[in-house]
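A.B. asks: What shape does this take:
(2 chains)
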Amino acid sequence: MLEFRNVSYTAPDGREILKDVNLTISERFVAVTGPNGSGKSTMAKLIAGIISPTAGDIYFEGRKITDMSVTDRARAGISFAFQQPVRFKGITVKDLLSLSAGKDTSVSEACGYLSEVGLCAKDYINREVNASLSGGELKRIEIAMINARGTKLSVFDEPEAGIDLWSFNSLIKVFENMYSRTKGSIVIISHQERILDIADKIVVLSGGGIAEYGSKDEVLPKLLDVRAGCKFTKEAR
Amino acid sequence: MDKIQQSLLEQVAGIHDVPQGAYSLRINGSLYGKNSSENINIVKKEDKPGIDIYIKDGTKNESVHIPVLLSQTGLRELVYNDFHIGRDCDVTIVAGCGIHNGGSESSEHSGIHSFYLAEGARVKYIEKHYGEGDGMGKNIMNPTTYAELAEGAYLEMETVQIKGVDSTDRVTKAVLGKDSSIVVHEKIMTHGEQFAKTEFEVELNGENSGAHVVSRSVARDNSYQKFISRVKGNNKCSGHTECDAIIMDNAKVAAVPEILASDPDASLIHEAAIGKIAGEQLVKLMTLGLTEKEAEEEIINGFLR
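C.D. replies: Numbering: from 1, shown residues only, chains lettered A, B, ... in the order given. Below is the predicted model of the structure:
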């Protein structure tokens, strides 16, 4: 479904963030984890097309998308939930859900998306997505938007951050329901063990490369071990 | 009314024909029709162009429409409309001016609207300005609004100028008595070589009076906007003005705030922000499948909603 072939990314300031990464993602849930600064968010932005690799190519469903715009990738079936959702003056929750769904979303459809992320629809549907919403509320709306899109590939950058009052179980349920509809791949950047625990594959990024890649049973024990011993974080320095 | 005039009327008042209830409709420099109702009396001025509108004490949930249409090129007019609003009224006044200029000469409408709100009166005043036309003649609108609010009165003003007005010089002045308040929402978008200047002056004279002025604008192409606000706190009062502008292309935007407090219990705030559309907003909408252009339109439409 998604493939990185020898992908490197060097930031405009000269820092090498990703070095010659090769990766294929086709499973239901793929978790990407690793220490801060290991290139997780960079990987997500490369998938969405917000930044372009400085070397290598990205393929989506067999098609090279390296030079495709953000818009074209979105239309081809890639969704991206930002780590820090964007605020808009005057644009309502319902507007964003409609834009996500690519059609004027009915009130009952919008309510469905919102209640799935634990928001009471009637309180939110006509709210402006502006500074009056808390970080946690914005995160849930961001997830609801991805749900409304229902594309083949969905990438979530730390979806659990700020969702303190809402249980992880509910978040995981959202991912499961999403999969049952899209039958695609869901890539989740996360530090949370409970999210890693549902992953079919775990990718551990460290020092600009893939330090571990495999099933949860293969990677998780090492990862926990490593966290204690700080092997990857040492390597990243 | 011809087709052009009907479409202008729809743009500024959202109606297709002469309004229901109390109204005054002015077309091409003269009074086309007017209608008084039981509680709202509209009287043509004898000494100068314009009307006096008298609203009886205690009139509730009624509205007055006073649209002005210009479809004859080169017409210039200055009109005086005075609103006398009785005690404890709760009314909506819908004004607006639409110009269709198909010729080469400038068309100009300048309206001077004065509001006198008696004790406890509540007024919602909506004003839309719209211009169109394929000629080279300019569409000019210079509205002046003057408001006097007696004790406990409340005036809410909503002004919109989105399209086709080449030059505008808007002046709004308000003098507030005890426990009265004014809320102003202004929305402006300028294109091409357009010029728009808006000037607010609010005098908070009464105890516990309040003013809240919010201007949102978008300046595109080579247009120029200037926002001036002056709030004077002369008593225990609160004043807040906010200018929020999106700047695009080669446009220019100036915000000139002035707050003047002459009472230690006056609390006055001014906020002004000018900037381009945030890149992350564009990117977010593009990740939903919109093109950059579509994303831009969506952001502007929301901003000016």
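A.B. asks: residue ranges of the strands in the stretch 1-150 of chain B, please?
C.D. replies: B:22-27, B:30-35, B:40-44, B:50-55, B:60-70, B:76-85, B:90-100, B:107-117, B:122-132, B:139-141, B:144-149 (DSSP state E, counting those that start in this stretch).
A.B. asks: What strands line up against the second one, and which way round?
C.D. replies: Taking DSSP bridges as the criterion, strand B:30-35 forms sheet pairs with strand B:22-27 (antiparallel).
A.B. asks: Near chain A, which residues of the stretch 101-250 of chain B are found?
C.D. replies: B:216, B:244 (Cβ under 8 Å from any Cβ of the partner chain). C-beta coordinates here come from the backbone N, C-alpha and C atoms, glycine included.
A.B. asks: who touches stretch A:94-103?
C.D. replies: With contacts defined as Cβ atoms under 8 Å, 6 or more residues apart in numbering or on different chains, stretch A:94-103 is touched by A:88, A:104-105, A:107, A:109-110, A:113-114, A:125-126, A:129, A:141, A:144-146, A:148-150, B:285, B:288-290, B:298, B:302.
A.B. asks: filter the residues you listed to the buried ones?
C.D. replies: Buried members of these, scored by 16 or more other Cβ atoms under 10 Å in any protein chain shown, are A:88, A:105, A:109-110, A:113-114, A:125, A:129, A:141, A:144-146, A:148-150, B:285, B:288-290, B:298, B:302.
A.B. asks: So which of those residues are in strands?
C.D. replies: Secondary structure defined by DSSP state E assigns none of those to strands.
A.B. asks: Need the contact partners of the least confident helix or strand in chain B by mean pLDDT.
C.D. replies: Using mean pLDDT, DSSP states H and E, helix B:3-13 stands out as the lowest-scoring helix or strand of chain B, at a mean of 88. Contact partners of helix B:3-13, identified using Cβ under 8 Å, 6+ apart, comprise B:1, B:15-17, B:19, B:25, B:27, B:65, B:67, B:69, B:71, B:94, B:96-100, B:128-130, B:132.
A.B. asks: what angle sits between it and strand B:90-100?
C.D. replies: 140 degrees (axes from the mean of the first three to the mean of the last three Cα atoms, to 10 degrees).
A.B. asks: still on that earlier bit, rebuild the strands of the stretch 1-150 of chain B as TSV, extending it with mean neighbour count and mean pLDDT.
C.D. replies: Output for the strands of the stretch 1-150 of chain B, formatted as TSV (neighbours: other Cβ atoms under 10 Å in any protein chain shown; pLDDT from 0 to 100):
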stretch	mean neighbour count	mean pLDDT
strand B:22-27	22	93
strand B:30-35	14	91
strand B:40-44	16	95
strand B:50-55	20	96
strand B:60-70	21	93
strand B:76-85	19	95
strand B:90-100	23	93
strand B:107-117	22	94
strand B:122-132	21	94
strand B:139-141	25	92
strand B:144-149	21	97
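A.B. asks: between the ones you listed, which gets nearest to A:Ser134?
C.D. replies: Taking Cβ to Cβ, strand B:122-132 is the member of these nearest to A:Ser134, at 31.7 Å.
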